[in-house]
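Asker: quick one, what's the 3D model for this:
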Amino acid sequence: MAEFGLTGKVALVTGATSGIGRRQALALARAGAAVVLLGRREAQLREAVAEIEAVEARAAALPADLSDRARLPEFAERSAMPFGKIDILINAAGVNFRQPAEQITLESWDTTLNLNLAVPFFLAREFVPAMEENGWGRVINIASLQSSRAFANGLAYGASKGGVSQLTRAMAEAWSQHGVNCNAIAPGFFPTELTAPVYENAELLDRLAAQTAIGRNGALADLDGLTVFLASPASDYITGQVIHLDGGFTAK
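Answerer: Modelled structure (predicted):
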C-alpha cells in the first residue's frame with residue numbers, strides 16, 4: 001500500500017554496521033528509501049551497502065564517530081550529499097559496557113550517556129529545521145527493555161535508555177506540531193553485538209525466551225514491519241510513543 005511506501009524519502013541510520021541498525025537500513029531500502037548508513041567501521045559499512053545494493057536499492061556509506069559531538073553538524077551536512085536532505089533519522093548507535101555498579105567509571109558513564117542519549121538529540125536537532133520546512137519528517141530512537149526495567153550490570157545503560165523514552169516524548173512535544181513525528185522502538189532480545197554475552201549463554205537465552213508471551217527471542221527480520229511503519233506516512237498520527245517490540249516480554 002502506498003501509505004507504507006518510502007519511495008522518494010531519504011533516511012539516515014546510525015549504528016548501521018551491524019545488528020539492529022543494519023537491519024533497519026535494509027528494511028527502509030526495501031521499502032523504497034535511499035539510505036545513508038553511518039558507523040565507525042568502514043569495512044562493515046561497505047558490506048552493508050553492498051547488501052542493500054544487491055536488492056536493487058540505493059545506499060551510501062558515511063564513516064563517522066558520533067562520540068565526537070562537536071562534529072555532528074559536519075556529519076549531518078555530509079549525510080545529505082549522496083541523495084539530498086534527510087527525511088528519516090534512525091538513532092540506532094549505542095553502547096553497553098555491562099558493568100556492575102561498583103565498576104562504573106566516570107569515563108564509561110559519560111561514554112554511555114553521550115552516545116545513547118545526548119547524540120540522538122543533538123544529531124536530530126541538526127535535521128529538524130529542514131524537516132519542518134518540508135512539513136514532514138521522522139525521528140526513530142532505539143529504546144530498550146531497560147527503559148522501564150532494571151537488569152543486572154545495566155545501571156548506566158538503563159539510565160541512558162530510560163532517558164531515551166523521555167527524550168522521545170519531549171522531541172514529539174517540541175517538533176510534531178511542525179510535522180516531525182518522533183517515536184522509539186524498544187526491542188526485546190535480538191542477536192546483535194551488544195547482546196552477544198546473552199546469546200553465548202544458552203540457559204539464559206532459554207529463560208528469556210520463556211519470559212515472552214510468544215515463546216521465542218527476536219529475529220532481526222522482526223524489526224522490519226515496525227521500522228517501515230514508523231518511517232512511513234502510515235504513522236502520520238503516531239508520535240511520542242515507545243513501542244515495545246519484544247514478543248510480549250513486558251506483558252508478563
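
Asker: only C-alpha atoms for contact and neighbour calcs from this point on.
Answerer: Noted.

Asker: buried residues in stretch 185-203?
Answerer: Buried residues in stretch 185-203, counting neighbours by 16 or more other Cα atoms under 10 Å, are found at 185-192, 194, 198-199.

Asker: what's the first-to-last distance across it?
Answerer: 26 Å (Cα to Cα, to the nearest Å).

Asker: now, the buried residues of stretch 185-203 that are in strands?
Answerer: Members of the buried residues of stretch 185-203 lying in strands (criterion: DSSP state E): 185-187.

Asker: as TSV, these with distance to Ala209 and pLDDT would be great.
Answerer: Shown next, in TSV, are those (distance: Cα to Cα, whole Å; pLDDT from 0 to 100):
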residue	distance to Ala209	pLDDT
Ile185	19	98
Ala186	16	98
Pro187	13	97
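
Asker: rewinding a little: lowest pLDDT pick from the buried residues of stretch 185-203?
Answerer: Of all the buried residues of stretch 185-203, Leu194 has the smallest pLDDT value, namely 82.

Asker: quick one: it from Arg98, how far?
Answerer: 9 Å.

Asker: cool, Gly163 as well?
Answerer: Distance from Gly163 to Arg98, by Cα to Cα: 17 Å.

Asker: any shared contact partners between Leu194 and Arg98?
Answerer: Residues touching both Leu194 and Arg98 (Cα atoms under 8 Å, 6 or more residues apart in numbering): there are none.

Asker: just the buried residues of stretch 185-203 now: which is nearest Ile104?
Answerer: Leu194 (17.4 Å; Cα to Cα).

Asker: surely the closest one touches Ala92?
Answerer: No. Applying Cα atoms under 8 Å, one finds Leu194 not in contact with Ala92, separated by 11.7 Å.

Asker: for the residue nearest the centre of the chain, phi and psi?
Answerer: Centroid check for the chain by Cα atoms, centre = their mean gives Ala92 as the closest residue, at 2.7 Å. Here is the backbone geometry of Ala92 (degrees, to the nearest 10): phi -100, psi -10.

Asker: now swap in Tyr237 and tell me
Answerer: According to degrees, to the nearest 10, Tyr237 has phi -110, psi 20.

Asker: residues near it, how many?
Answerer: 9 (other Cα atoms under 10 Å).

Asker: how about Gln211?
Answerer: Gln211: 19 neighbours (other Cα under 10 Å).

Asker: for it, give me its contacts.
Answerer: Per Cα under 8 Å, 6+ apart, neighbours of Gln211: 249, 252.

Asker: same deal with the one 5 residues further on?
Answerer: Contact criterion Cα under 8 Å, 6+ apart gives 208-210, 247 as the residues in contact with Arg216.

Asker: quick check: which element contains Ala76?
Answerer: helix 72-79 (DSSP states H and E).

Asker: and the following helix or strand past that helix, which strands flank it?
Answerer: Per DSSP H and E, the first helix or strand lying C-terminal to helix 72-79 is strand 88-91. According to DSSP bridges, strand 88-91 forms sheet pairs with strand 10-14 (parallel), strand 137-142 (parallel).

Asker: okay, strands next: where are they in the stretch 151-252 of the chain?
Answerer: 180-187, 242-245 (DSSP state E, counting those that start in this stretch).

Asker: can I assume Ala60 sits in a strand?
Answerer: Yes. Assessed with DSSP: H, G, I helix; E, B strand; the rest coil, Ala60 lies in a strand.
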